[in-house]
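**Q** build me a model from this:
(one chain, ligands or ions: 1)
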Amino acid sequence: MIRSVVTGSGSALPKRAVSNAELAETVDTSDEWIVERTGIRNRYIAGEGETTSTLATDAARVALDAAGIDASEIDLIVLATATPDQTFPATATRVQDALGCQGGIAFDVGAVCSGFLYALGTADAMLRTGMAKKALVIGAETFSRILDWEDRATCVLFGDGAGALVLEAREVADGPQAQGILSTKLHADGAHNELLYVDGGPSTTGTVGKVRMRGREVFRHAVVNLADVLREVLGDTGYTAADIDWVVPHQANARILDATARKLSLPPEKVVVTVDRHANTSAASVPLAFDVAVRDGRIKPGDLVMLEAMGGGFTWGASLIRM
Ligand code: UT7
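**A** Below you'll find the predicted structure:
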């Protein structure tokens, strides 16, 4: 059977790191509040010349290098973002041009913080059905550009960055021990728009808009939805939580990570946490955290890795991968 195998990962961050203390100089907040409520200590903020596509391109180059393949071999780029360089064309096409891999398929996916899971599921389906052979799946954001810096309830939570995976369609033996993406489950419930949204857009206000969130309600939905979709993916593959080597969650809030892990009786040491250093980078957070755990030697060949995310829409999803 054909499976999508992860053959490389990469990530990129803006040059400028911003600590909670630095934020507290201009926003009515404190390091203490941010750390206690979210676990965030630091975030990276894009500067002049740094955009979603430049961060995505940098992350993609690192991932291609890790996979040992040339950009010209890539015939599919799926890029998840809520902060594209332009309303159109897709940021994926800018990345394609910057990498010099014209000719294949390139498009963006919009599912906000779950965007990377949606991109991964889409690319996996396209590889398995033979529409492409080698894909770059990217999550990239410059959320700092759509934050209301006067709204302390949101502006302290987010950061910028990008992460990328190379997926290759490979013929593998059937069964869960074989490498590749074993199962991806995606969901959406459009009834909760008013809990997490941007108050603008090309077709409504003609502006980009700013992020608005009712954090406490989002928090409640996140823990329930994430635990449900993790169980769904485990049920689909026949694994139990005890079989998982690493969970790479969307990095929104350390308390959501803890609560979700507790609901599934997952030991906290199996959960990859980067929210302290990157904050919430929306669609970039899962591949960024994944790349950190590959590079520091935690995620190794043969490991069973669960990716999961929940975000605006609401949208949510999870994917189980044998490395
Ligand atoms: O990535 C997409 C998914 N997003 C999420 O998953 C986010 C989910 N939600 C959360 O992570 C949390 O709800 C937050 C971190 C956003 C907020 O934490 P909370 O414990 O739910 O706090 P809260 O919003 O209920 O606010 C508590 C208090 C309020 O003061 P009062 O009304 O109790 O006097 C806020 O005004 O904290 C105040 N507050 C702040 N204080 C200092 C809100 N933001 C800040 C701030 N600094 N930055």
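**Q** for burial, what's the neighbour tally of the closest residue to the ligand within the stretch 101-250 of the chain?
**A** As assessed by CB to the nearest ligand atom, the ligand sits closest to residue 215 within the stretch 101-250 of the chain, at 2.6 Å. Placement of C-beta: from N, CA and C, glycine included. Neighbour count for residue 215, taken as other CB atoms under 10 Å: 16.
**Q** please, where are all the strands along the stretch 201-323 of the chain?
**A** According to DSSP state E, counting those that start in this stretch, the stretch 201-323 of the chain carries its strands in the segments 211-213, 246-249, 304-311, 315-322.
**Q** so what strands line up beside the third one?
**A** Same thing as strand 304-311. Strand 304-311 sits in its sheet next to strand 246-249 (parallel), strand 315-322 (antiparallel), going by DSSP bridges.
**Q** got JSON lines for the ones you listed, with distance to the ligand, mean pLDDT and mean neighbour count too?
**A** Output for the strands paired with strand 304-311, formatted as JSON lines (distance: least, CB to the nearest ligand atom, whole Å; pLDDT from 0 to 100; neighbours: other CB atoms under 10 Å):
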{"stretch": "strand 246-249", "distance to the ligand": "10", "mean pLDDT": "97", "mean neighbour count": "25"}
{"stretch": "strand 315-322", "distance to the ligand": "10", "mean pLDDT": "98", "mean neighbour count": "26"}
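**Q** list the contacts for residue 117?
**A** Contacts of residue 117 were listed using CB atoms under 8 Å, 6 or more residues apart in numbering, and they are 111, 184, 186, 286, 307, 308, 309, 316, 317, 318, 319.
**Q** the second one touches residue 309, doesn't it?
**A** So the one you mean is residue 184. No - taking contacts as CB atoms under 8 Å, residue 184 lies outside contact range of residue 309: 11.3 Å.
**Q** show me what the helix or strand where residue 107 lies is packed against.
**A** Residue 107 belongs to strand 105-109 when elements are defined using DSSP states H and E. Secondary-structure packing of strand 105-109 (3 or more CB pairs under 8 Å, 6 or more residues apart in numbering; DSSP states H and E): strand 76-80, helix 91-99, helix 115-128.
**Q** most packed of these?
**A** Most buried of these, by mean neighbour count (mean count of other CB atoms under 10 Å): strand 76-80, with a mean of 29.
**Q** ok, that strand near the ligand or not?
**A** No - against the ligand, strand 76-80 shows no contacts by CB under 6 Å from any ligand atom, the least distance being 13.0 Å.
**Q** and the longest helix seen in the chain, what does it pack against?
**A** As assigned by DSSP state H, the longest helix anywhere in the chain is helix 215-237. Where contact means 3+ CB pairs under 8 Å, 6+ apart, helix 215-237 is packed against strand 180-188, helix 254-263, strand 304-311, strand 315-322.
**Q** flag every residue of the protein that's near the ligand.
**A** Checking the chain against the ligand by CB under 6 Å from any ligand atom, the hits are 29, 33, 37-38, 113, 152-153, 156-157, 215-216, 218-219, 222, 252-253, 256, 280, 310-311.
**Q** check contacts around residue 158.
**A** Counting by CB under 8 Å, 6+ apart, the residues that residue 158 touches are 43, 143, 144, 147, 211, 279, 280, 281, 282.
**Q** setting aside sequence neighbours, what's the nearest residue to it?
**A** Nearest residue to residue 158, sequence neighbours excluded (CB to CB, 6 or more residues apart in numbering): residue 143, at 4.2 Å.
**Q** is it true that the one you found touches residue 83?
**A** Yes - using CB under 8 Å, residue 143 is in contact with residue 83, at 5.8 Å.
**Q** look at these two and report which has more neighbours.
**A** Using other CB under 10 Å as the criterion, residue 143 and residue 83 rank with residue 143 on top: 29 against 23.
**Q** next, give phi and psi for the residue nearest to the residue of the stretch 101-250 of the chain closest to the ligand when sequence neighbours are not counted.
**A** Closest residue in space to residue 215, ignoring its immediate chain neighbours: residue 153 at 6.2 Å, by CB to CB, 6+ apart. Backbone torsions for residue 153, taken as degrees, to the nearest 10, come to phi -70, psi -20.
**Q** could you do the one 5 residues further on as well?
**A** Residue 158 has phi and psi values of phi -110, psi 160 when expressed as degrees, to the nearest 10.
**Q** look up the pLDDT of it for me, please.
**A** Listed pLDDT for residue 158 reads 98.
**Q** if I look at it, how far off is residue 298?
**A** Computed as CB to CB, to the nearest Å, the residue 158 to residue 298 distance reads 25 Å.
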